[in-house]
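> pasted the sequence and its predicted model underneath.
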Amino acid sequence: MTLRSSGTRVQYSVFECIMDDEALTGLGLKLGGIVSGEDSVRIYTLCARCEKAVSVLGAGKVTKDENVYIL
C-alpha cells in the first residue's frame, strides 16, 4: 500500500515514483519500518538525462508528472 500511494505500478512489484528528495527520504523511512529480512527494496534515481533514455518494450509508457520539470 505504501508504494501504491506513492507512485504508479508498472509491474507486479515494480513502481515508478516521481518525487523530490524530501518525499524520497520519507518513503525510505516508511519502507524501512515494514521491510522484513526476506524482502528486497531497490531505489534507482534517474537524472534528467537518464530519464530521457528510458524505453518501454511492449505495453505501457514511462510515468510522467506534467507538474514536474526536470532540467
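That came through, no problem.
> contacting residues for residue 55?
Applying Cβ atoms under 8 Å, 6 or more residues apart in numbering to residue 55 gives no contacts. C-beta here means a position set from N, CA and C on the backbone, and glycine is covered the same way.
> my read is it is in a helix, agree?
No - counting by DSSP: H, G, I helix; E, B strand; the rest coil, residue 55 is not part of a helix but coil.
> from residue 15, how far off is it?
18 Å (Cβ to Cβ, to the nearest Å).
> tell me which element the residue lying farthest from the centre of the chain is part of?
Farthest-out residue of the chain from its mean C-alpha position, per Cα atoms, centre = their mean: residue 37, at 21.2 Å. Using DSSP states H and E, no element contains residue 37; it sits outside every helix and strand.
> quick check, pLDDT for it.
Predicted confidence (pLDDT) for residue 37: 86.
> gap between it and residue 9?
Taking Cβ to Cβ, one finds residue 37 at 24 Å from residue 9.
> with residue 40 instead?
17 Å.
> the strands in this structure, which residues?
Counting by DSSP state E, the chain has strands at residues 8-11, 14-16.
> and those as CSV, adding mean neighbour count?
Listed next are the strands of the chain as CSV, based on neighbours: other Cβ atoms under 10 Å:
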stretch, mean neighbour count
strand 8-11, 13
strand 14-16, 14
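> can I get the ones you listed in TSV with distance to residue 24?
Shown next, in TSV, are those (distance: least, Cβ to Cβ, whole Å):
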stretch	distance to residue 24
strand 8-11	15
strand 14-16	13
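> tabulate those strands in a markdown table, adding columns for mean pLDDT and distance to residue 30.
Formatted as a markdown table, the strands of the chain follow (pLDDT from 0 to 100; distance: least, Cβ to Cβ, whole Å):
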| stretch | mean pLDDT | distance to residue 30 |
| --- | --- | --- |
| strand 8-11 | 86 | 17 |
| strand 14-16 | 87 | 13 |
